[in-house]
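[1] Sequence plus the predicted model coming up.
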Amino acid sequence: MPPTTAMKPSRTALSRRLPRFILACFCLLCLLCLATVSQARVYLDITSPELRKVSVAVPYFVEKTKPSETMASGRQMAGLMARGLTFHGFINVINPSLYGGRSDADWAGLGADFAVIGQFDTDFTGVSIELKLIDVHQGQMIFGRRYRGPWAKHDQIVLKFCDDIIEQLTGERGVSLTRIAFISNRSGHKEVYLGDALGTNIIQVTRHGYLTVSPRFSPDGNFLAYTSYHHGNPDLYVTDLRILKTTRPISRRRGLNMAPAWAPDGRSMAVTLSKDGNPDLYLMDNRGEILERLTHGEGVNVSPSWSPDGKKLAFVSDRVGNHPQLFIMDMQTKAVQRLTMSGSENTTPAWSPKGDWIAYTARNGSTHNIFLIKPTGGTPIQLTQFWGDYESPSWSPDGRQLVFSRKRQGRSQLCVMFKNGSGLRVLYEGEPGSQTSPQWSPRMDVQ
């Protein structure tokens with residue numbers, strides 16, 4: 001898809017008649033005002049319980065050649081935009097039935113803060129989509145884009161603009177275009193699947209017909225590492241997600257080849273190997289060559305998770321007793337410090353993208369729940385509070401949400417929530433079987 005084109009409002013006739021120095025002063029004043037508004041939005045804390053949700057109107061997109069007709073494709077694209085905006089948790093999309101989905105409604109009267117206006121045009125070469133974000137209170141367009149691409153890409157175009165809107169309101173791009181890898185037994189075997197963050201477009205990645213575990217994305221999101229038992233041993237593989245059919249073995253060493261975790265630079269990964277007897281952590285390159293042994297027999301060492309800067313590694317070990325706890329290794333000195341001091345079973349650490357929290361699974365009483373703890377230690381914060389077992393947290397790339405599995409009555413489903421524990425909802429609601437071990441992808445660029 002060709003690069004997008006920014007749309008700018010035209011200058012008024014009055015401004016063209018102003019003397020240059022007056023116009024310069026006027027423009028400077030406008031820039032200062034815009035900077036003030038932008039700065040206020042950038043510091044919007046969307047996880048604050050006191051935050052009033054932003055109201056946005058998303059009327060049906062209009063086909064340029066048939067502006068008076070409501071097209072099914074226009075409804076679909078507007079609906080997708082509304083779902084993408086709502087997913088981020090701090091936006092309330094006004095029901096289009098309240099104004100007939102018209103793009104010329106009284107937005108202020110409807111209580112809208114912003115409106116998203118879309119137009120599109122199709123021909124034999126593809127689709128052209130024009131999108132605008134309107135500030136209702138200011139009565140002006142904040143920004144707009146024109147996109148051109150094949151019709152098959154129209155959903156990605158809509159979600160790209162959705163993520164741009166989130167960036168305008170919060171200072172950080174949205175996560176509508178991200179994906180989630182997970183394990184499902186819908187085929188009768190535990191295989192790797194891939195779906196989008198909005199809970200649709202599920203595809204099967206592996207077809208080994210055996211147990212598959214621990215899917216992990218590469219930092220660029222193009223590759224997925226996982227462990228499969230289809231040759232009778234837990235071996236490590238990597239699949240190229242751009243092709244899906246291209247899978248290559250990384251490590252088939254005797255014993256465990258488990259829990260791959262790519263380093264932030266994408267050049268190496270931390271894995272658990274038991275080739276010498278004890279399950280220990282090793283650093284290996286992307287061809288499977290061992291670069292360094294990280295632990296040396298101090299208990300079972302599994303579930304590595306890198307800090308965003310690559311300087312530290314969180315992992316799980318039972319080296320201080322019979323119950324697994326979280327530890328952090330300094331990757332330069334290899335010094336190890338215990339992180340969790342409470343709980344009978346602490347597992348699956350996941351370092352947040354901003355490096356300020358580590359999410360993990362802890363057993364308290366007879367159930368498992370999701371907790372947060374600072375990398376420097378301290379008192380953990382319990383996020384999940386309701387009936388069920390909650391396990392295997394993974395962060396959204398903006399660090400605002402977590403995906404995890406919830407088990408109730410013998411069936412596991414994937415759920416997402418905000419990092420303050422609010423807004424829990426189920427993903428892939430109608431998906432058969434059980435889903436476990438979710439991993440949230442990094443942001444993906446639309447091609």
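    That came in fine, so what should we check first?
[2] what about G343, neighbour count?
    19 (other CB atoms under 10 Å). From N, CA and C alone the C-beta is placed, and that goes for glycine too.
[3] can you tell me which residues contact the closest residue in space to P432 that isn't next to it in sequence?
    Ranked by CB to CB, 6 or more residues apart in numbering and with sequence neighbours excluded, the top spatial neighbour of P432 is R186, at 4.8 Å. Shown in contact with R186 (CB atoms under 8 Å, 6 or more residues apart in numbering): 193, 431-433.
[4] which two from those end up farthest apart in space?
    Greatest spatial distance among these (CB to CB): Y193 and P432, at 11.4 Å.
[5] so where do the helices sit in the stretch 101-250 of the chain?
    Taking DSSP state H, counting those that start in this stretch as the test, the helices found in the stretch 101-250 of the chain are 154-170.
[6] backbone phi and psi for the residue minimising distance to the centre of the chain, please?
    Of all residues in the chain, the one closest to the mean position by CA atoms, centre = their mean is S396, 3.4 Å from it. The phi/psi pair for S396 (degrees, to the nearest 10) reads phi -70, psi 150.
[7] Could you check which of Y193 and P432 has the larger neighbour count?
    Y193 (22 against 11).
[8] In this model I203 seems to touch the more buried one, though I could be wrong.
    Yes - proximity of Y193 to I203 meets the contact threshold set by CB atoms under 8 Å, at 6.8 Å.
[9] rewinding a little: give me the lowest-pLDDT entry from the contacts of R186.
    Lowest pLDDT of the contacts of R186: E431, 89.
[10] any idea how this protein splits into domains?
    If you go by automatic domain parsing, the domain ranges for the chain are 5-9+51-170, 179-440.
[11] Quick one: end-to-end distance for the last one.
    One end of domain 179-440 sits 6 Å from the other (CA to CA, to the nearest Å).
[12] Might you calculate how far that domain sits from the centre of the chain?
    In terms of CA atoms, centre = their mean, to the nearest Å, the centre of domain 179-440 is set 15 Å apart from its chain centre.
[13] What mean pLDDT does stretch 144-161 get?
    In this model, stretch 144-161 has a mean pLDDT of 94.
[14] Buried by neighbour count: which residues of it qualify?
    Within stretch 144-161, the residues scored as buried using 16 or more other CB atoms under 10 Å are 144-145, 147-149, 153-161.
[15] With distance to V320 as extra columns, can I get the residues you listed in JSON lines?
    JSON lines is the format used below for those (distance: CB to CB, whole Å):
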{"residue": "G144", "distance to V320": "58"}
{"residue": "R145", "distance to V320": "54"}
{"residue": "Y147", "distance to V320": "55"}
{"residue": "R148", "distance to V320": "59"}
{"residue": "G149", "distance to V320": "55"}
{"residue": "K153", "distance to V320": "52"}
{"residue": "H154", "distance to V320": "55"}
{"residue": "D155", "distance to V320": "49"}
{"residue": "Q156", "distance to V320": "48"}
{"residue": "I157", "distance to V320": "52"}
{"residue": "V158", "distance to V320": "51"}
{"residue": "L159", "distance to V320": "46"}
{"residue": "K160", "distance to V320": "48"}
{"residue": "F161", "distance to V320": "51"}
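[16] and of these, the nearest to G79?
    Nearest to G79 out of the buried residues of stretch 144-161 is V158 (CB to CB; 9.5 Å).
[17] so who does that closest one touch?
    By CB under 8 Å, 6+ apart, the contact set of V158 is 77, 80-81, 84, 118, 129, 131.
[18] Helix or strand next in line after the helix or strand bottoming out on mean pLDDT in the chain, which one?
    Taking mean pLDDT, DSSP states H and E as the measure, helix 20-42 is the helix or strand of the chain with the lowest mean score, a mean of 36. Downstream of helix 20-42, the next assigned helix or strand under DSSP states H and E is strand 54-57.
[19] quick one: that following strand to chain centroid distance?
    For strand 54-57, the distance to the chain centre is 22 Å (CA atoms, centre = their mean).
[20] Output the below-cut-off pLDDT ranges for this protein.
    1-51, 446-447 (pLDDT under 70).
[21] thinking again about what came up before, quick one: residues contacting the residue nearest to the centre of the chain.
    Contacts of S396 by CB under 8 Å, 6+ apart are 175, 178, 197, 353, 402-403, 416, 440.
[22] Please flag which of those residues sit within strands.
    Those of these mapping onto strands are 402-403, 416, 440, per DSSP state E.
[23] looking at the residues you listed, which has the most residues close by?
    Most crowded among the ones in strands among the contacts of S396, counting by other CB under 10 Å, is L402 at 27 neighbours.
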